[in-house]
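# Sequence plus the predicted model coming up.
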Amino acid sequence: MGKGIRKAAVAGSWYPSDPKVLASEIEGYLRATSSPSLPGRLVALISPHAGLSYSGPVAAHGYALLRGQRGLSVVLVGPSHHVAFEGLALCGSRAWETPFGAVPVDEDLAGQLLDESPLFVEAARAHRDEHSLEMQLPFLAHLVEGLRIVPILMGTQSRAEVNALADALAAVSPGRGVLLVASSDLSHFHPARVANALDGIVVGHIERYDEEGLMDRLEASHEHACGGGPIVAVMRAARARNATRARVLRYGDSGDVGARDKSRVVGYLSAALIAEEA
């Protein structure tokens, strides 16, 4: 069983720590979306993880699809920005702190994953200060009643890790209501014209549901996406869970908000992976 509660690392800085203020900000982003209906079953999302005021307007386009969802287990997959390690790190906590209350970890699902591959380890230290998964929780905890999560950080994002994670996610609890979420920003700190071109390559692979081509691209250059490994792993696992189509819901960059500085931007993407059956 998990021990303790993983404390929020960036509440009060990357997003508001006051639940009323946070809910108001999230609802503002959600109201600005077109809230498209999907012809099929939502299997996975790809979502950014910058500060809420920057990436929230993009992330909202994916999370708007979860309005009214109940009792969902969400597997969060993201990159490790602060701690170097090899393998796939589960957090070992029983719950994660959010301004909306503690969100429990789906310990049964986490235990199944631990049994699927020796690359899975429990590593609370890797999760302690990491923002890539935490930045998904404001939307999820606000929208989904009865939410449970399984947070996973990727170490090297190697092809071996990607394959092991995709196989494990495809194997566990195939009949359950599980949503996969890949957390990734795109290119970092290029002029918008350069960034948009680099990001367009990733967007194209996702739109074509070409996870193999994207993996090849990421191995050639890591500047395209900090969470490229999570994106590919989730695309592969979603395909094994009958997803056949990808819809890019919104692309943007950090220069779209605030001071609108387009000289050094970070790219953001929200996308949905969809199975044919309802």
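Perfect, thanks for sending it.
# For the rest of this, base every contact and every neighbour count on C-alpha atoms.
Noted.
# Contact partners for the residue nearest the centre of the chain?
In the chain, the centroid-proximal residue (CA atoms, centre = their mean) is Ser183; its distance is 2.6 Å. The contact partners of Ser183, taken as CA atoms under 8 Å, 6 or more residues apart in numbering, are 46-49, 76-79, 132-133, 136, 227, 230-231.
# rerun that using 7 Å as the cut-off
46-49, 77-78, 132-133, 227, 230 (CA atoms under 7 Å, 6 or more residues apart in numbering).
# Name whatever forms a beta bridge with it.
Ser47 (DSSP bridges).
# and what of Tyr15?
With DSSP bridges as the rule, Tyr15 is bridged to Ala11.
# Give me the neighbour count for it.
Using other CA atoms under 10 Å, Tyr15 has 20 other residues around it.
# what separates it from Tyr63, distance-wise?
16 Å (CA to CA, to the nearest Å).
# Which parts of the stretch 51-200 of the chain are strands?
73-79, 88-90, 95-96, 103-104, 120-122, 148-154, 178-183, 188-190 (DSSP state E, counting those that start in this stretch).
# residues making contact with the fourth one?
Counting by CA under 7 Å, 6+ apart, the neighbours of strand 103-104 from elsewhere in the structure are 94-97, 147-149.
# Any quick PyMOL command for the buried ones out of these?
A single PyMOL command selects the buried members of the contacts of strand 103-104 (16 or more other CA atoms under 10 Å):
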select buried, resi 94+95+96+97+147+148+149
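# what's the lengthiest helix in the chain in contact with?
Criterion DSSP state H: the longest helix present in the chain is helix 192-207. For helix 192-207, the external contacting residues (CA under 7 Å, 6+ apart) are 186-187, 211, 213-214, 224, 246-248, 262-265, 267.
# now swap in stretch 248-264 and tell me
54, 58, 61-62, 189-192, 207, 265-272.
# quick check: mean pLDDT across stretch 124-133?
The average pLDDT for stretch 124-133 rounds to 96.
# From the chain's centroid, how far away is that stretch?
Stretch 124-133 has its average C-alpha position 14 Å from the chain's average C-alpha position, going by CA atoms, centre = their mean, to the nearest Å.
# mind showing which ranges of the chain have poor pLDDT?
Where the chain drops to pLDDT under 70, the residues are 1-2, 35-36, 174-176, 222-223, 278.
# rerun at 90
The chain contains residues with pLDDT under 90 at 1-3, 34-39, 172-177, 219-224, 227, 258-261, 276-278.
# can you pull out the helices in it?
So, for the chain - with DSSP H - the helices run 19-31, 52-63, 107-116, 124-128, 137-143, 159-171, 192-207, 211-220, 228-240.
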